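Participant: model this:
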Amino acid sequence: MAMSPLTRRLKDLYLTGHHRRVRRRSDHPTRHARLMLEEAARRRPGGGVLCDVGAGAEPSVAAAAWPGRRVAMDVLAGPGLDLVADGHALPLADKSVAAVLLMEVLEHVAEPTRLVRECARVLAPGGHLCVTAPQYHITHHHPADFFRYTRQGLEALCAAAGLRVVAAWATGGALLVVFHAIELNLAPKPRIGFVALTYGLFDWLDGRLTGHGNRPGAADAKGWALLAAKP
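Facilitator: All right, here's what the predicted structure looks like:
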């Protein structure tokens, strides 16, 4: 069956350069990870080594914000990785890196307290841990899916590892939670149209009504970004 002009346009809007387009979303973890890495670099001039834990198969766009060397690590082998290892035991020396990035990683880790303590171990004094984690997301096995996080939960993980929270904010509010609840439960074809036609409206309303989850009184969040420092 021939593709209709509308279907073709929606496919072009959403699927052509999909990852590039999705990263433009205000709630995309890459945007928030980049902000944290830029702040970490500003607070610690001179760069140093960034360990991107759970880097996955694609080069991290967020990590490009880091001025020093990047070490990409994941539990699953793939192109562009420097290390293949389990985050519960990072194969790095004590106090050897300036920053660690955990972008949408903690939900996939069976022992998150252990991972965050490992991150604290390898961080040099004055180094930073940059975390994004979902409070809402469908189950997604990469390779497993264990947890969801509130701000207090992330702060508790950092405190247990001896890290000081520098900043934390919601990556989206209640309207974007609703948007993703619909989007992520649609079949691929209707999802294309739904996202292309409605994301801008949901994003605008979320910003206006909830400050993307950061306005006083906002009761829900799609996820969190947290920047912590090692004393």
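Participant: off-centre distance for the helix or strand where residue 132 lies?
Facilitator: For residue 132, the element it lies in under DSSP states H and E is strand 123-134. Taking C-alpha atoms, centre = their mean, to the nearest Å, one finds strand 123-134 lying 12 Å from the centre of the chain it belongs to.
Participant: how about stretch 72-86?
Facilitator: The answer for stretch 72-86 is 17 Å, by C-alpha atoms, centre = their mean.
Participant: before we move on, back to that, how about the strand holding residue 132: buried residues?
Facilitator: 123-124, 127-134 (16 or more other C-beta atoms under 10 Å). (C-beta placed from N, C-alpha, C; glycine too.)
Participant: and it, average pLDDT?
Facilitator: Strand 123-134 shows a mean pLDDT of 98 in the predicted model.
Participant: show me what secondary structure element comes after that strand.
Facilitator: helix 151-160.
Participant: partners of the helix or strand that that next one is followed by in the sheet?
Facilitator: Later in the chain than helix 151-160, the nearest helix or strand by DSSP H and E is strand 164-172. Applying DSSP bridges, strand 164-172 is found paired with strand 223-229 (antiparallel).
Participant: pLDDT on the partner strand, on average?
Facilitator: 97.
Participant: quick one, that strand and strand 123-134 angle?
Facilitator: Strand 223-229 and strand 123-134 are oriented at 170 degrees to each other (axes from the mean of the first three to the mean of the last three C-alpha atoms, to 10 degrees).
Participant: residues of stretch 172-190 that come out buried?
Facilitator: Buried, per 16+ other C-beta under 10 Å, within stretch 172-190: 172-180, 183.
Participant: tell me the bridge partners for residue 128.
Facilitator: residue 99, residue 229.
Participant: ok, it to residue 51 distance?
Facilitator: As judged by C-beta to C-beta, to the nearest Å, residue 128 and residue 51 stand 11 Å apart.
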